[in-house]
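[1] build me a model:
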Amino acid sequence: MSWYFWIILGVVLLILEIFTAGFFVALIGVAALLMAVVSLFISTLWLQLLIFTLLSVGIVWIFLPMIRRSLEHNAVPTNQEAMIGKIVLVTEEINNTLGKGYVKYYGDFFPARSVDGKVIPAGKEVIIRRIEGIRVFVEEAESK
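    Numbering: from 1, shown residues only. Take a look at the predicted model:
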């Protein structure tokens, strides 16, 4: 295959990365662009395909973990993830046996259950430990 095929393939893969997540397709596109240079020196099709495969696997194996670590390091918790660990106010007594209880989080009310099964009276501060659906699971915050 000639060098311009590899350039076209590389550019198409880089453009396709816009519609996908994870940078996998972009890394294959980079391998295709590198193959454009290699194809100037190697004209055998099977050898070009072998080198392209090895380049693709190597680039993905080396760079994808680094990219993912970088993205995860800069991740900002949003929505439900941001609620975990926050201190909120109990607005209705939390009683797992009766299946009742509410907490207030930034003006919104969420059904709540106690993590350890204790009854928590209204007016107490609690810490959100996990979320299942719209229900939050809380435990009493330590008194100051």
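
[2] elements contacting the lowest-mean-pLDDT helix or strand in the chain?
    Ranked by mean pLDDT, DSSP states H and E, the helix or strand of the chain with the weakest confidence is helix 79-83, at a mean of 79. Applying 3 or more CB pairs under 8 Å, 6 or more residues apart in numbering; DSSP states H and E, we find helix 79-83 packed against strand 125-132. Placement of C-beta: from N, CA and C, glycine included.

[3] list the buried residues in the strand it packs on.
    When burial is assessed from 16 or more other CB atoms under 10 Å, strand 125-132 yields the following buried residues: 125-128.

[4] for those residues, which one is nearest residue 42?
    Nearest to residue 42 among the buried residues of strand 125-132: residue 128, at 59.4 Å, using CB to CB.

[5] how close does the closest one sit to residue 43?
    Spatial separation of residue 128 from residue 43 under the definition CB to CB, to the nearest Å is 63 Å.

[6] what does the least confident helix or strand of the chain rub up against?
    By CB atoms under 8 Å, 6 or more residues apart in numbering, the list of residues contacting helix 79-83 from outside reads 105, 128, 131, 136.

[7] then it to PDB, C-alphas only?
    Listed next in PDB are the C-alpha coordinates belonging to helix 79-83 (Å, rounded to 0.1, in the frame of the first residue of the first chain):
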ATOM      1  CA  ASN A  79     -24.000  14.400  40.900                       C
ATOM      2  CA  GLN A  80     -24.300  11.400  43.200                       C
ATOM      3  CA  GLU A  81     -20.500  10.900  43.500                       C
ATOM      4  CA  ALA A  82     -20.200  14.400  45.000                       C
ATOM      5  CA  MET A  83     -22.800  13.700  47.700                       C
END
